[in-house]
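In: whatever this is, show me its structure:
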Amino acid sequence: MFKRYKGSYLSYFLMYNFYYLSWALFSALISVYLLDKGFKPSDVSLVVSFSFFSSMVAQPLIGVISDKYNSKLVNTVLLCIASLGGLYFAYAKTLFEITFGYSLVMLLVNGTSPVVEKMATTSSFQYGKIRIWGTIGYAVGSQLSGLIYEKISPQTIFLVFAFTMVLSILGLLGVRDVEQPIDPKQDRTKVGFMSLFKNRQYLFYIVIASIFYGVTNIGHTYTSSMLQSEGIDVSLVSTILSFAVICESPVVFFSGKFMDRIGNKQLLYIAYGAMIVQYLIYGFSFPMSLKILVTLLFKHAPGMLFIMINLKVVNTLIDAKAQITALAIVQTVRSLASIVFQNIGGTLLDFTTYQNLFLFMLAMMVIGMVLIVFAKIPSGNDKRLFS
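Out: Have a look, this model is predicted:
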């Protein structure tokens, strides 16, 4: 029976659906949860930014261990620890306990995400038809978090997280292992961090990616509390955020139709342009209906697009033997950028308004858009990564 389950569509469904459902449950309402417990916005940023710092430190280590040992076994153990971490976080009370618990879970979730994403590109199924369940799972998790928050209790969210993560682990046990190079030792001696840093195109792309990741992570943290501050209750906020995740599903499902036809730079323009529109509307006195509309359209879809752009750009610029290392470096820089921008965002919100915060984010996105103009990145359409 297990032989039929191994590599089956069901195993990928369980892994992706409940992995991202768990992720949404744990993080979607973190700012609301902490603010309702009496913590300041700067405390929220401290908790979130420290989680990114811990992820930044752990990401390379998890990558090395995954390469050296069985990647599926390693990530199964890590997700088991994340599930237990959810139980700990549910009963955390002090700022130290909350920071430790949140950082532990998020470093494990962030640390396993490259392997999880990679599994979608190495399976016998098309990328979009597998990854779509991650989108649906995240949407369900966002909605479920709001319902649990209001109808049961905030603490119950993290208990449910522990259970749904176990379901994801059951899926992970059935999927195929990520293929490794024929001679791992030889590949690791040829490719290192320093050799990648000699690739100027790759370094320039990292700057562009860091701005996008850093700014959008502020949005991920504070969009829910911004909507709540303007009079929308928590259950409606979670509904809006869950539908926003659903709105990214066409991007995932039809990725095979456009990702290998539109060049890398053009895709970057699209992702940045969507976020500029969103923060422009957040930053000025537009009607709430328009803010909700751009939240639905652009809260998650550009981020999902950028995940695929990152896979494609690294596949275009970096030799196949170094791509896992290159992806790990991007993830590390992402965490570093998130730390910087989270602290800036929290500090700004302590002394000013949500409107001014989003105007700052708008300015940073415009800078990133200008940098894309000078980037020398091939189209990458010949790789056929998503078809």
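In: can you show me the strands along the chain?
Out: With DSSP state E as the criterion, the chain has no strands.
In: can you pull the phi/psi pair for residue 386?
Out: Dihedral pair for residue 386: phi -110, psi 0, per degrees, to the nearest 10.
In: I'd like the numbering to begin with 19 instead of 1 from here.
Out: With 19 as the first residue, the last one maps to residue 404.
In: roughly how far does it sit from residue 273?
Out: Separation of residue 404 from residue 273 (CB to CB, to the nearest Å) stands at 5 Å. For the C-beta atoms, the positions are set from N, CA and C on the backbone; glycine is no exception.
In: shared neighbours, those two?
Out: Residues within reach of residue 404 and of residue 273 at once, by CB atoms under 8 Å, 6 or more residues apart in numbering, are 145, 146, 326.
In: tell me which of residue 404 and residue 273 has more neighbours.
Out: Between residue 404 and residue 273, counted using other CB atoms under 10 Å, the more crowded position is residue 273 (23 against 20).
In: how about the contacts made by the spatially closest residue to residue 158 that is not a sequence neighbour?
Out: Of all residues not flanking residue 158 in the chain, residue 39 sits nearest, at 5.4 Å (CB to CB, 6 or more residues apart in numbering). By CB under 8 Å, 6+ apart, the contact list for residue 39 reads 155, 156, 158, 159, 162, 182, 186.
In: can you give me the neighbour number for the third one?
Out: Number of residues near residue 158 (other CB under 10 Å) recorded here: 20.
In: pretty sure residue 242 sits against residue 51.
Out: No: taking CB atoms under 8 Å as the definition, residue 242 is not a contact partner of residue 51, at 9.8 Å.
In: circling back: turn the shared contacts of residue 404 and residue 273 into CSV, columns for neighbour count.
Out: Output for those, formatted as CSV (neighbours: other CB atoms under 10 Å):
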residue, neighbour count
145, 22
146, 21
326, 22
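In: surely residue 41 touches residue 156?
Out: Yes: counting by CB under 8 Å, residue 41 touches residue 156, with 6.5 Å between them.
In: which one's more surrounded, these two?
Out: Taking neighbours as other CB under 10 Å, residue 41 and residue 156 compare with residue 156 leading, 30 against 25.
In: looking at residue 242 and residue 51, which is more packed in?
Out: Remark: of residue 242 and residue 51, residue 242 carries more neighbours, 28 against 23, as counted by other CB under 10 Å.
In: any idea how far that one lies from residue 236?
Out: In this view, residue 242 and residue 236 are 12 Å apart by CB to CB.
In: could you count how many residues lie near the nearest residue to residue 287 once chain neighbours are set aside?
Out: Nearest non-adjacent residue to residue 287, counting by CB to CB, 6+ apart: residue 390, 6.1 Å away. Neighbours of residue 390 under the rule other CB under 10 Å: 21.
In: and residue 249, by the same measure?
Out: Residue 249: 8 neighbours (other CB under 10 Å).
In: could you do residue 106 as well?
Out: With other CB under 10 Å as criterion, residue 106 counts 16.
In: residue 177 and residue 107 touch, don't they?
Out: No: if you go by CB under 8 Å, residue 177 and residue 107 don't touch, sitting 9.7 Å apart.
In: who has more neighbours out of these two?
Out: residue 107 (24 against 17).
In: can you list the low-confidence ranges for the protein?
Out: Per-residue confidence for the chain (pLDDT under 70) gives these ranges: 19-20, 82, 85-86, 196-212.
In: hmm, 50 instead?
Out: Applying pLDDT under 50 to the chain flags residues 198-208.
In: now for the nearest residue to residue 76 once chain neighbours are set aside: which residues touch it?
Out: Nearest residue to residue 76, sequence neighbours excluded (CB to CB, 6+ apart): residue 125, at 4.6 Å. By CB under 8 Å, 6+ apart, the contact list for residue 125 reads 69, 72, 73, 75, 76, 77.
In: can I get the residues you listed in JSON lines with neighbour count?
Out: Formatted as JSON lines, the contacts of residue 125 follow (neighbours: other CB under 10 Å):
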{"residue": "69", "neighbour count": "27"}
{"residue": "72", "neighbour count": "23"}
{"residue": "73", "neighbour count": "25"}
{"residue": "75", "neighbour count": "13"}
{"residue": "76", "neighbour count": "21"}
{"residue": "77", "neighbour count": "25"}
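In: identify the farthest-apart pair in the residues you listed.
Out: Spatial extent of those (CB to CB) is set by the pair 69 and 77 at 12.1 Å.
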